[in-house]
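J.: need a 3D model of the sequence below.
(3 chains)
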Amino acid sequence: MAYIAPKDFASDPAIVQKLMKVLGGDLDLSWMRSRDDAINARPSQAKRGLTLDDINQGVYSPDRSPEIVRHNFSMAPRGAFLPPGLPSLGYKLNRKSEVWSNNAAALFEEGKARHWAPAHVVPWEQLREHGYDAREAAAWRQLATELISIGLVTGDVPARWEYQMNQEFHEIKYLMCVQMLDAARTAEAWRKRALYGDGGLGVECLELGELLKMVADSGTYPCASASMNVLLYSFVMTLGAHLEWAAKNGADSLLGTRLAQDAGRFVAYGVDHLRCMLRARPSEAHSLNGHLDLVENGLVGWLGARAHLEPLVVVSGGFEPVRTFYERSVREYFERCAAAGLGDRRARSPLTKFLSFLA
Amino acid sequence: MSYYGTTDWTANDDLMLRLRDIRKGNLELGWLKTGTETVKANAENPRRGFTYLDCNVGSYGEDALPEIPRGPRGSAPRGASYDVAKQADLSPELNRKSDVWAYKVSSFYEEAMSRQWNATTDIPWRNLEHEERPIELEIAFAQLCTFFTEVEMIATDLPAKWAWRMNNQFHEVKHFIASQAIDEARHAEVFRKRALAGGVGLLEALPQAEHSLKAILDGDTYSEASAFMHLLAEGNVLTMFRFSEFISPTPTDKRMFQLVMQDEARHVSYGMQHLKWLLDHTPEKKEQIHAALDEAEAFSLAQFDSALFEAMIVLAGKGTKPENIKKGIEVVGTLQLKQVQEYYHRLNRAGFQERISRSKFNDMLAAMGALTGAASKGVN
Amino acid sequence: MSIPFPSLDFFEGLRERTTEDAARFEKLGTCDTSFGVRVGKQLFGVHFEVYECARVEARRDAKGLDFVLTAEPALWKSMLRGVLAYGGADAEHTLNTLSHLGDRMTVEYDDAEGHDKFYRFMATIQEFFDQARHLDVDLSN
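T.: Next up, the predicted model:
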């Protein structure tokens, strides 16, 4: 795999000669040229600072990026001069509609602006008087254990694709880095939640492990995005909201809120990504819907697993709040799919049948 | 590539019966019998908050993590109860602690989470339009920013390439390199913004540098890639950030370099501590790292004739007149010596002193008549 | 009453500022380092823990410090004049600019990792000195 230099530069006298030439004051300076396409990059709103949208103008705008990138496979940034001799870094995602979303730049800015550090933002000491009985406390730890797994694997998914993505799409790459950190923070925050005080982790939910492997092993980036950002994170987002509702102390309330908030960015990117792709290539809806049919089956396995559903019932004080939560999650997910251009998934989705089992 | 699980739940009668059971309130509660350890974990220092160091307790702690955590290959977090025979195998490729681990990695992660900053709002961008600078310096600065925009993304792509291959038992490392990925994306972002806000824009990409980046990305193992990137390349860039703060034409630029420098130093420290861990626990891998650094140093040497080098001279000398160039060369020559000197210090700190005598930089230093003191005690 | 520089009182004043302006230091993030400030022949130790400066002291030697910023009194004073005049170090007098070439201020260290902490916490350490803008400093000695 290693990339070996075309020659051993260390024993190349030309290198030292060039170095000594410059150190002798003989500079070339051919790179010193003014560009006639300068832009006026200034913060459009002082409070917001200098955003990516503020600098995405003229030749630097992603609007100038072609659907299929053929001109650059190096790490040269979009808009730079490309001299001869730039190597290929071997990117495998070179088609704009495979990755693009119009809201990625804004979501990247939002992710940075809303960064938080669990170590000192969560009022951990409130867990000393958490307000739960022993079974409820164990149920919270069980759900926390699952959220750690979700954080671990959903950090891997953007990592798996980010380095294969052409630098032309740097806004998406940046956002995927935010996703990696958001996912790491989810794992961190809920691990700390499970361990704080007299704590411990629960059992692995095997059905969740299966679902996460389905998401991680998605064969294409659009399929990975559909199954992680739109499907899985729709449920993570509403799970965060549900946990906030069920919380009996400030720490859990904050953790639930932040989970929903961070998950919301995954969902927002995923929906717009699919929308942009399906506008450019409507025929892709067929393969995406087929993929979602199968991953939704995996989601049904998790939602109905005893290791997940039972603790959820315990922290919710009964089955009815969980059914309401599931119905809401599924309904909102279907709405997102429709908004993204996938059409009405209700009739074909295994989630519809699953909901009928709950009635 | 696809995986769709072992069960078709829509055709699974057990699921329907189970749901009916749970709906009626009949919970089996098997998940209550975790068999996992109960520990006391609290924030040792309330000001610092509840950190991963505080979670280093019992079977959950990093100290309890063996060199080879046999068994787990799925998504179960370290310390949870799991059944290896039943869990979904995520096929991790880095399964030895020494493949990825670094001394102090939990501290580095907590530091990263605490010291995140925002290139959009933490740089006083509006001041830039009032800070006068000669156009030739702005062009040189734009070239410098183009270089940084270009190279910083490698330190996002490389961690990404390896993060998902790491066993989930090593979550501290996975989290740290996720923090590195966003740090470096922020660096690419801030330099792009600076180049465009300065009125010149992006200039030349650098083929020489790109070959180094390709070599980093294509490293055979994570540790080899880390030695190249964290220790050598990021070490060089760290020294360049310091140089760039020094020659920055405006206070706004100085602020930018002060902030990026902090992140870069954290990454270099991780690389140094990973190399030290690797050599302490698997000394048999020394020759492998030597071979990787032989090639890495050769790539680094090839960068000395780039537009970057000249831009730095123009910036350091504050112009293109002969007297400016003369002054610039003196400063940049010092920078290059310092890059090698600090690299040698870090090799020393990582317990890899023997690398110094083998380094390919020695010939270059000798050619520059400046080998003396390069590995001495640090004073700069 | 004005605080003379150099003096332990001056560093005590800066230490107090790190808690009085806690929000600014918290925004910059945690900072864990012990470093030295050598002003001519005088050496002061500065210990940061979590966000703020926990302790300052006069020292005889640099043992146990991550790094030591060393310069003649005149240079430190010129930096502080800039801080007092502009509310923070001017471009010619940031700690990095002063120390980068090692010709005006030096960064002494025994341990490469200790040295790297100067980089890792640069913005906090700069802000520590910039807080002198809130002190009535006597630079006449």
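J.: got the contact list for residue 95?
T.: I'll assume chain A. A:67, A:68, A:69 (C-beta atoms under 8 Å, 6 or more residues apart in numbering or on different chains). For every residue, glycine as well, the C-beta is placed using N, CA and C.
J.: nope, chain C please
T.: The contact partners of residue C:95, taken as C-beta under 8 Å, 6+ apart, are C:69, C:89, C:105, C:122, C:125, C:126, C:129.
J.: need the max-distance pair from the residues you listed.
T.: Using C-beta to C-beta, the contacts of residue C:95 span at most 13.7 Å, a distance reached by C:105 and C:122.
J.: of those two, who's got more company?
T.: The residue with more neighbours, out of residue C:105 and residue C:122, is residue C:122; 25 against 22, by other C-beta atoms under 10 Å in any protein chain shown.
J.: what about the more buried one, distance to chain B?
T.: 5 Å (C-beta to the nearest C-beta, to the nearest Å).
J.: am I right that that residue is in contact with residue B:260?
T.: No: checked against C-beta atoms under 8 Å, the pair residue C:122 and residue B:260 is beyond contact range at 9.7 Å.
J.: pLDDT below threshold where in chain B?
T.: B:304-305, B:368-380 (pLDDT under 70).
J.: strands of that one, start to end?
T.: For chain B, the strands defined by DSSP state E occupy B:39-41.
J.: what ranges does the stretch 201-350 of chain B have for its helices?
T.: Ranges of helices in the stretch 201-350 of chain B, per DSSP state H, counting those that start in this stretch, are B:207-217, B:222-226, B:234-247, B:251-281, B:286-301, B:307-317, B:322-349.
J.: as JSON lines, the ones you listed with mean neighbour count and distance to residue A:104 would be great.
T.: Converted to JSON lines, these look like this (neighbours: other C-beta atoms under 10 Å in any protein chain shown; distance: least, C-beta to C-beta, whole Å):
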{"stretch": "helix B:207-217", "mean neighbour count": "23", "distance to residue A:104": "23"}
{"stretch": "helix B:222-226", "mean neighbour count": "24", "distance to residue A:104": "27"}
{"stretch": "helix B:234-247", "mean neighbour count": "25", "distance to residue A:104": "26"}
{"stretch": "helix B:251-281", "mean neighbour count": "24", "distance to residue A:104": "22"}
{"stretch": "helix B:286-301", "mean neighbour count": "20", "distance to residue A:104": "32"}
{"stretch": "helix B:307-317", "mean neighbour count": "25", "distance to residue A:104": "30"}
{"stretch": "helix B:322-349", "mean neighbour count": "20", "distance to residue A:104": "35"}
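J.: in the chain, which residue is closest to the centre?
T.: Here I'm looking at chain A. Nearest to the geometric centre of chain A sits residue A:179, at 3.7 Å (C-alpha atoms, centre = their mean).
J.: think we crossed wires, I meant chain B
T.: residue B:267 (4.2 Å).
J.: okay, it and residue A:216: tell me how far apart.
T.: 26 Å (C-beta to C-beta, to the nearest Å).
J.: kindly report the same for residue C:129.
T.: Taking C-beta to C-beta, one finds residue C:129 at 48 Å from residue A:216.
J.: now the spatially most distant residue from the centre of chain C: closest residue in space that isn't a chain neighbour?
T.: Most distant from the centre of chain C: residue C:1, at 21.6 Å, with distances by C-alpha atoms, centre = their mean. In this structure, residue C:1 finds its nearest non-sequential neighbour in residue C:136, 7.4 Å apart by C-beta to C-beta, 6 or more residues apart in numbering or on different chains.
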